[in-house]
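# Just the structure for this:
(chains A and B)
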Amino acid sequence: MAQTKAKDDEASQQAAPQVEALNLELAAQVREELGDERLVAMLRDMLLLRRFEEYAGRAYQRRKIKGFCHLYIGQEAVGVGSMAALTDADKIVSHYREHGHALARGMDPNAVMAELFGKATGCTGGKGGSMHLFDAEKGFLGGWGIVGGQIALAGGVAFSQKYRDEDAACLCFLGDGAVHQGIVHETLNMASLWDLPLITIVENNRYAMGTSIERVAAVTELAKKSEPYNIVGETVDGQDIFAVYDAIKRARKRAVEEGRPTWLDVLTYRYRGHSMTDPAPYRTKEEVEEEQDLRDPIARMSNWMVSEGILTEDKVGELDDEVTQISKDAMAFADESDFPDPSVLTEDVYVEWPWDIE
Amino acid sequence: MREIAFRDALNEALAEEMERDESVFLMGEEVANYNGAYKVSKGLLDKFGPRRVVDTPIVELGFAGIGVGAAMGGLKPVIEMMTFNFAILALDQIVNHAAKLRYMSNGQLSCPLVMRGAAGAGGSLASQHSQSLEQQYAHIPGLKVMMPATPYDAKGMLKTAIRDPDPVIFIESEVMYGMNGEVPEEEYLIEMGKGDIKREGADCTIVTWSRAVHWSLQAAEIAAEQGIDVEVIDLRTVRPFDKEIIAESVKKTNRVIVVEEAWPMASVGASVAEWIGRELFDWLDAPVGRVHQRDIPMPYAYNLEPLSLPSAEKIAEAVKKACYR
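As a prediction, the model looks like this:
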């Protein structure tokens, strides 16, 4: 995937880089458990996330989307793999790079794209935008924009799940940059102390905006951060969808059956900059290409599925065409939708002060 | 005179003060290798090295506290908050620690720290990234709050802030970083607490600061077409604010509007309006007018955002009202 065209002669004579294989044993085990149809749906979802975001990126360049826009491209296996291990009763609390989580949770692509466009048909009626997607019915309790702040919310959701003795867990996404915030450690301590069904995924894409993890973490093995709180911590290959699925499934079991939280350091990579305005000069072209060529999560899954005979390359192409059309349709839907009526400005909030000129 | 951008004026102020005083250093998220989220610190790492231009983890409370301690240890930290929305996390160190240092040590210690960064609304960044929170700092005894509106002011004011012996909160409107303006090559300082008349006029005074200065100047043009001559005063420092410049102007115009980007309740504008109403009562021919953001979190939709913010039209309307027109 994503080969660059402009390679010099010498390079073009070399063999194409080999995409790394998945953990085959685990892949076979998950196949056995979920069945081929589910696996095809998961691959389709990853393709949807990618195509949707490519269109979102273009819409941003055409200034159809404003504000900040943080693309998830490259991290699809984390979103899709984790959602596949949850039930409808579970809740999700996310950060500002959450388009992929929202789609993987099954939110309507039209409503997500319309929200990015700031339209009334968006999933928060145009009030939230890219960083603040919500769908309460789907248990998607927000993208939040303050780094790390959302983990306490997720802890509180998990508290309510335990309080009502629900058969459910709360999944919280945060980035590697958020790990050092005080609120993260305060929440982990309480989650452990009170046996909360909180599953935390650190989407470790190695860069907190433009700063590499080595430059901000005194201990870069982030799984260890849970040790002082007596919480199980694991490192997970985030570019292997089955590894993510398996880790979340076990974490969910631990949460629901034992009431114990889990902390996962999920190693992934974002192909684009931190946001649409970031050209990402802080990392080398070689590094990005290596990630794309060797560990692309979609290529790894589809290669394996084709080799296993679960589907053909043509079928992968068909899935890709289908989700491309869905993404295009979402763009058209968003574009054709109306902006919110000015009357909604003061809805859903206590307003004390009139606008009348004083 | 040469024209440079607001961000470059700030950059020059930092570079000059770091050059001048070895104890000045810059610390914050992305300030070094990335050259600053808004490129205010561009080139400073190359010039001054990693000892004096320090990248931090994303831990606003922690590095604000390190800054306060470094000030106690005799340094002059400039702490960059990527945005003042994130600086809310650092409030404990700033309010409970930095602001109290001189008072509680009975003058034995001071805290010559500058906390600076972006604030305000900036083009559909939605509720968590579009806030004008100067009131949080202006409320606290022990803190000074500066908010420049032009590249010229930005440079002279930041140099003053860095030399000040007390903690200074220096708030930069996010949308102004690219704004160009005249900045002289030679060194100059702008006094703490000194306002500036950005436009002279005889009929009505607008008191404002930061980005709202520009809305107000546009409003003055609209009012001029209607035959109303507006004076625009830029407070520049909102704590302490320049009472003298307001009094002089109101004694001349007898009418005043206070304009701010922030929310109305318990705001800087509320305090300024209250002071004018009380101290200049005899000079007023109309109630003190106010224009401010609507009393709601900022919506994302880009047709809604401007409806929440003040505008030249809204300010001109307030001017007309104060003039009973």
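# nearest spatial neighbour of the residue of the stretch 151-300 of chain B found nearest chain A, skipping sequence neighbours?
Across the stretch 151-300 of chain B, the shortest distance to chain A (C-beta to the nearest C-beta) belongs to B:Tyr300, at 3.0 Å. Heads up, the C-betas are built off the backbone N, CA and C, glycines and all. The shortest distance from B:Tyr300 to any non-neighbouring residue, by C-beta to C-beta, 6 or more residues apart in numbering or on different chains, is to A:Gly129 (3.0 Å).
# wait, the one you found sits on B:His129?
No - between A:Gly129 and B:His129 there is no contact under C-beta atoms under 8 Å: 9.6 Å.
# joint contacts of the two?
A:Gly67 (C-beta atoms under 8 Å, 6 or more residues apart in numbering or on different chains).
# of those two, who's got more company?
A count of neighbours by other C-beta atoms under 10 Å in any protein chain shown puts A:Gly129 above the other of A:Gly129 and B:His129, at 32 against 26.
# which stretch of helix or strand covers that one?
Using DSSP states H and E, A:Gly129 maps to neither a helix nor a strand.
# which ones are touching B:Val319?
B:Cys204, B:Ile206, B:Ala219, B:Ala220, B:Ala223, B:Ile228, B:Val230, B:Arg255, B:Ile257, B:Gly289.
# what about it, distance to B:Ser308?
Shown here: B:Val319 relative to B:Ser308, a distance of 21 Å by C-beta to C-beta, to the nearest Å.
# quick one: average confidence on stretch B:5-12?
The average pLDDT for stretch B:5-12 rounds to 98.
# and what of stretch B:40-60?
Stretch B:40-60 comes out at a mean pLDDT of 96.
# Neighbours of residue 299, how many?
No chain was given, so I picked chain A. Count around A:Ala299 with other C-beta under 10 Å applied: 18.
# actually it's chain B I care about, not the one you picked
B:Pro299 has 29 neighbours, counted by other C-beta under 10 Å.
# Quick check: it touching A:Phe339?
No - with contact defined as C-beta under 8 Å, B:Pro299 does not count as touching A:Phe339 (10.6 Å).
# got any residues that touch both of those two?
Jointly contacting B:Pro299 and A:Phe339 under the rule C-beta under 8 Å, 6+ apart are A:Gly126.
# does chain B sit close to whichever helix in chain A runs longest?
When chain A is scanned for its longest helix (criterion: DSSP state H), the result is helix A:36-61. No - using C-beta under 8 Å from any C-beta of the partner chain, helix A:36-61 never reaches chain B; the gap is at least 11.2 Å.
# quick one: average confidence on that helix?
98.
# In it, which of the residues would be classed as buried?
For helix A:36-61, burial by neighbour count (16 or more other C-beta atoms under 10 Å in any protein chain shown) applies to A:39-40, A:42-53, A:55-57, A:59-60.
# what's the answer for stretch B:269-278, then?
For stretch B:269-278, a neighbour-count test (16+ other C-beta under 10 Å) marks B:Gly269, B:Ala270, B:Ser271, B:Val272, B:Ala273, B:Trp275, B:Ile276 as buried.
# And the contacts of that stretch?
B:138, B:207, B:235, B:241, B:243, B:246, B:250, B:256, B:258-260, B:262, B:264, B:284, B:287-288, B:290, B:292.
# gap between that stretch and the chain center?
Mean C-alpha position of stretch B:269-278 versus that of the full chain (C-alpha atoms, centre = their mean, to the nearest Å) differs by 18 Å.
# Next: stretch B:142-149.
Mean C-alpha position of stretch B:142-149 versus that of the full chain (C-alpha atoms, centre = their mean) differs by 5 Å.
# What of stretch B:307-318?
Centroid separation between stretch B:307-318 and its chain, computed with C-alpha atoms, centre = their mean, is 20 Å.
# Is there proximity between it and chain A?
Yes - using C-beta under 8 Å from any C-beta, stretch B:307-318 reaches chain A at B:Leu307, B:Ser308, B:Lys314, B:Glu317, B:Ala318.
# mind saving the C-alpha coords of the strand or helix carrying the last one as PDB?
In this assignment (DSSP H and E), B:Ala318 forms part of helix B:312-322. Written as PDB, here are the backbone C-alpha positions of helix B:312-322 (Å, rounded to 0.1, in the frame of the first residue of the first chain):
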ATOM      1  CA  ALA B 312     -18.000  45.800  14.400                       C
ATOM      2  CA  GLU B 313     -21.800  46.000  13.600                       C
ATOM      3  CA  LYS B 314     -22.800  45.100  17.200                       C
ATOM      4  CA  ILE B 315     -20.300  47.600  18.600                       C
ATOM      5  CA  ALA B 316     -21.500  50.400  16.300                       C
ATOM      6  CA  GLU B 317     -25.000  49.600  17.400                       C
ATOM      7  CA  ALA B 318     -24.000  50.100  21.000                       C
ATOM      8  CA  VAL B 319     -22.300  53.300  20.200                       C
ATOM      9  CA  LYS B 320     -25.500  54.600  18.500                       C
ATOM     10  CA  LYS B 321     -27.400  53.600  21.600                       C
ATOM     11  CA  ALA B 322     -25.100  55.400  23.900                       C
END
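# Report the separation between B:Asp285 and B:Val168.
When distance is defined by C-beta to C-beta, B:Asp285 is 36 Å away from B:Val168.
# If you could redo that for A:Ile231, that was the one I meant.
For A:Ile231, the distance to B:Val168 - C-beta to C-beta - is 41 Å.
# what does A:Gly81 give?
48 Å.
# So those two - more neighbours on which side?
Regarding A:Gly81 and B:Val168, a neighbour count based on other C-beta under 10 Å identifies A:Gly81 as having more, with 31 against 28.
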